[in-house]
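In: pasting the structure only:
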C-alpha cells in the first residue's frame, strides 16, 4: 500500500508541480487529438488554470488551513502544559549535501521551526525530557537531519542528557506507535506535542488513538512564510501552503480509512 500512497502524494495532489504537469500534458494531448476532444481540452485547461489561480491566492490557502488550525496554538505558560514531563518533537525532514569530502546537513523549514518551538517549550517547563521522533537514515558517520535536530536542541541550551531519540518511525502513525514505549520507559504520562500547525490535527488524533495524552503546541508555519497582504493576488508561497493543506486533508482521510484515528 505504501508505494501507492507515495505515488498519489508525489503526482496527484492539486497544487503540486506534477499535478500541473500531467494536467497540462493531458490537455495538450486532447488538443492535438482534434474533433470533439478539442472542446473537452479547452474545458479541462480552463478548469486547471482556474484551480491553480485559486490555490495560489492567500485567501484560498488561509481558508484551506482554517479547518486544520482551529483549536491549536503555542503554549504560553507552564500551566497550560498540565504538568507535562516531556516534550515530543516530530521530525520534519532535511537534506544532507556532500561535495569533495565535506558534508553539510540542513534542516527543512518545518524541522527548524519545530526545534525552535521545542526548545522554547522546554524553557517553560521544569527540565522535561525532550524526544525527537522520526526515522534516522543510516549514513555511516555522517550527521543525519534527525541527529541535526538533536544538535540544534543542545545548541539552544537543552541539556544533552535530556534529549532522547526515537529513530525507528517513518510516518506520523509510526511516530505514535514507537514513541509510546519510550515515554512509558521514562514514566511520562502527559507530554507536550510539537509539530507544524497544519500537521497538528492528524498528529494529535493519532497519538490520542494510541491512548497517549499529548498537549499541543504548534511551531511557526514554514509553509505560510512569504504570503503577502493582498488576498486575491496569487503567489508561490500561498500555492505551497494550499498544497500542504490539501495533502493533510487527504492524509486525514487515509488515516481514518485505516482506523488509525480510532482509539484502541
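Out: Right, received. Where do you want to start? Not measured: the values here are computed from a predicted model.
In: quick one: the helices in the stretch 1-150 of the chain?
Out: For the stretch 1-150 of the chain, the helices defined by DSSP state H, counting those that start in this stretch cover 2-11, 17-33, 36-55, 58-69, 109-124, 145-155.
In: what's the most buried one of those helices?
Out: Comparing the helices of the stretch 1-150 of the chain by mean neighbour count (mean count of other Cβ atoms under 10 Å), helix 109-124 ranks first with a mean of 22. Backbone N, C-alpha and C define where each C-beta goes, glycine included.
In: off-centre distance for that one?
Out: 14 Å (Cα atoms, centre = their mean, to the nearest Å).
In: in this protein, where is pLDDT below threshold?
Out: Applying pLDDT under 70 to the chain flags residues 1-6, 135-145, 222-229, 264.
In: need the helices of the stretch 1-150 of the chain in a markdown table (columns: distance to residue 162).
Out: Shown next, in a markdown table, are the helices of the stretch 1-150 of the chain (distance: least, Cβ to Cβ, whole Å):
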| stretch | distance to residue 162 |
| --- | --- |
| helix 2-11 | 34 |
| helix 17-33 | 41 |
| helix 36-55 | 42 |
| helix 58-69 | 30 |
| helix 109-124 | 8 |
| helix 145-155 | 9 |
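In: which of the ones you listed sits closest to residue 188?
Out: Closest to residue 188 of the helices of the stretch 1-150 of the chain is helix 109-124 (Cβ to Cβ; 13.9 Å).
In: care to break the chain down by domain?
Out: Per automatic domain parsing, the structural domains of the chain span 2-67+237-251, 76-221.
In: you'd agree residue 207 is up against residue 193?
Out: Yes - with contacts counted by Cβ atoms under 8 Å, residue 207 reaches residue 193, the gap being 6.3 Å.
In: more crowded one of the two?
Out: residue 193 (30 against 25; other Cβ atoms under 10 Å).
In: can you count the residues close to the nearest residue to the more buried one once chain neighbours are set aside?
Out: Distance criterion Cβ to Cβ, 6 or more residues apart in numbering; nearest residue to residue 193, sequence neighbours excluded, is residue 214 at 3.7 Å. If you count neighbours by other Cβ under 10 Å, residue 214 ends up with 24.
In: what comes up buried for the helix or strand residue 214 falls within?
Out: Here residue 214, judged by DSSP states H and E, is contained in strand 213-218. Neighbour counts over strand 213-218 (16 or more other Cβ atoms under 10 Å) mark 214-218 as buried.
In: quick check: angle from that strand to helix 109-124?
Out: For strand 213-218 against helix 109-124, the angle by axes from the mean of the first three to the mean of the last three Cα atoms, to 10 degrees is 120 degrees.
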